[in-house]
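Asker: What shape does this take:
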Amino acid sequence: MTTIPNSPFVDVPSSTLDVISENTAGYASGPASLRLRLITLLAVLLPFLGLIAAVVLLWGIGFSWLHAALMFGMYVGTGLGITIGYHRLFTHKSFKTPRPIAAILATLGSMSVEGPLLQWVATHRRHHQHSDDHGDPHSPHIHGETITGLFKGLWHSHIGWMFKNSPRDLARYVTDLRRDVMLSAISRLFPLWVLIGLLIPTILGGLISLSWTGALLGFIWGGLVRVFFVHHITWSINSVCHIWGSRTFDVDDHSRNNVIFGILAFGEGWHNNHHAFPNSARHGLAWWQIDSSYYLVRLMGLVGLAYDIRVPSSDRILAKKRRR
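Answerer: Next up is the predicted model:
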């Protein structure tokens, strides 16, 4: 189980807490407002509408290498910002890196449009503390094990949970990150990073093609469509990887290893491995389990951009394996 800061706010005035929760941390501690629900709805729907627009605009025209490169490049950059930055570095502290690299990873993760850094980390730490229990923000196993319950749980874990009220104590999970001025500022500036993440492929598309159409298609493919794929592949770790897949280790939840999302999500799909060793920088523990995020962390280590990389020993791995 990952180490989670859990000391309550005992030395901060309530008025200050409101500011911290809503502005610095990037989320409200009380009931979700209508404005927040609408923003969440737009974040879910706009990328999908962008995908439809891309199909309509390119129907019968084809798909150029420029648009493919913009979509793939932005997908890899922002996806790794989530897997290496938001998840393995900031949530689980599975390795350390110099401050400029940490800032870059936090910014790239923000461009994935999955929420401010502090909010994302707090939610994921709560998920580990209450995995597949009623305190889990996005478990698919809290609606019963019937067919109806399965579909309700799948919807809830994939998208529905984002429309629920945030727990009032969510901010206590990130007391360590709130003390970091740089990371708090990056979290607070989340809308700016989202805008920049959409402008980059738009500007590149326009400049490379020397046309406004190229800029529009860059925005659609490198922006909206890319966000659509990053969202649904990431959300599938919450939903699919707690329902379908194999279980290598004995853990107190329903986490599964799923080879499809192990590849598509840069190693995050080896989810049972991750729940067995949350603080490990390596999720693909077997030689054949592709873990692109870990490969990059190791490469960073070789050039001095990552250190104190945490990986479980072979003895620990063997001891925790399921007895068949």
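Asker: okay, which residue is most central for the protein?
Answerer: For the chain, the residue nearest the mean C-alpha position is I82 (4.6 Å; C-alpha atoms, centre = their mean).
Asker: how much space is there between that residue and L38?
Answerer: Distance, I82 to L38, using C-beta to C-beta, to the nearest Å: 24 Å. (Glycine included, C-beta is placed from N, CA and C.)
Asker: same check, this time on I147
Answerer: Per C-beta to C-beta, I147 is found 32 Å from L38.
Asker: One more: V259?
Answerer: Distance of V259 to L38, given as C-beta to C-beta: 37 Å.
Asker: Please identify which of these two sits among more neighbours.
Answerer: Taking neighbours as other C-beta atoms under 10 Å, V259 and L38 compare with V259 leading, 15 against 10.
Asker: List the contacts of that one.
Answerer: G245, G269, Q289 (C-beta atoms under 8 Å, 6 or more residues apart in numbering).
Asker: Can you give me the distance of the first one to R316?
Answerer: Counting by C-beta to C-beta, the separation of G245 from R316 is 22 Å.
Asker: likewise the second one?
Answerer: The span separating G269 from R316 equals 21 Å under the rule C-beta to C-beta.
Asker: Counting neighbours, go ahead and name the busier of these two.
Answerer: Between G269 and R316, counting by other C-beta under 10 Å, G269 is the more crowded of the two (29 against 13).
Asker: Quick one, grab the pLDDT at that one.
Answerer: G269 is assigned a pLDDT of 97 by the prediction.
Asker: Just give the closest residue to it, not the sequence neighbours.
Answerer: Take G269 and drop its neighbours on the chain: the residue closest to it by C-beta to C-beta, 6 or more residues apart in numbering is F261, 3.0 Å away.
Asker: Report how many residues lie close to the one you found.
Answerer: 23.
Asker: Pretty sure the residue nearest to the centre of the chain sits against V227.
Answerer: No. Counting by C-beta atoms under 8 Å, I82 does not reach V227; the two are 11.7 Å apart.
Asker: tell me, what's touching these two both at once?
Answerer: Common contact partners of I82 and V227 (C-beta under 8 Å, 6+ apart): S112.
Asker: re the thing from before, which one among the contacts of V259 gets closest to V56?
Answerer: Minimum distance to V56 across these is 31.6 Å, recorded for G269 (C-beta to C-beta).
Asker: what's the distance between the closest one and T83?
Answerer: With C-beta to C-beta as the criterion, G269 and T83 are 10 Å apart.
Asker: Then S313?
Answerer: Here the criterion is C-beta to C-beta. By it, S313 lies 23 Å from T83.
Asker: residues contacting the residue nearest to G269?
Answerer: By C-beta under 8 Å, 6+ apart, the residues touching F261 are I233, S236, I237, V240, C241, E268, G269, H271.
Asker: Where does Y86 sit: helix, strand or coil?
Answerer: Classification of Y86 using DSSP: H, G, I helix; E, B strand; the rest coil returns helix.
Asker: ok, how many other residues are close to it?
Answerer: Residues near Y86, counting by other C-beta under 10 Å, number 24.
Asker: what do you get for V311?
Answerer: 18.
Asker: Determine the three-state secondary structure at the spatially closest residue to it that is not a sequence neighbour.
Answerer: In space, V311 comes closest to R282 once its chain neighbours are excluded; the distance is 4.8 Å by C-beta to C-beta, 6+ apart. Using three-state DSSP, the structure places R282 in coil.
Asker: How about the one 3 residues further on?
Answerer: Reduced to three states with three-state DSSP, the structure at L285 is coil.
Asker: do you know how far it is from F95?
Answerer: From L285 over to F95 (counting by C-beta to C-beta), the distance is 16 Å.
Asker: ok, back up a step: nearest to V121, of the contacts of V259?
Answerer: The shortest approach to V121 among the contacts of V259 belongs to G269, at 20.1 Å (C-beta to C-beta).
Asker: Could you list the low-pLDDT ranges of the chain?
Answerer: By pLDDT under 70, the weakly predicted segments of the chain are 1-37, 39-41, 43-44, 59-60, 62, 323-324.
Asker: List the residues that contact G205.
Answerer: Going by C-beta under 8 Å, 6+ apart, G205 touches L66, H67, L70, G214, A215, L216, L217, G218, F219, W221, G222.
Asker: Apply 10 Å and report the result again.
Answerer: Going by C-beta atoms under 10 Å, 6 or more residues apart in numbering, G205 touches 64, 66-67, 69-70, 211-223.
Asker: Check T248 too.
Answerer: So T248 contacts 256-257, 270, 272-273, 276, 285-286, 289, 317, 320-322 (C-beta under 10 Å, 6+ apart).
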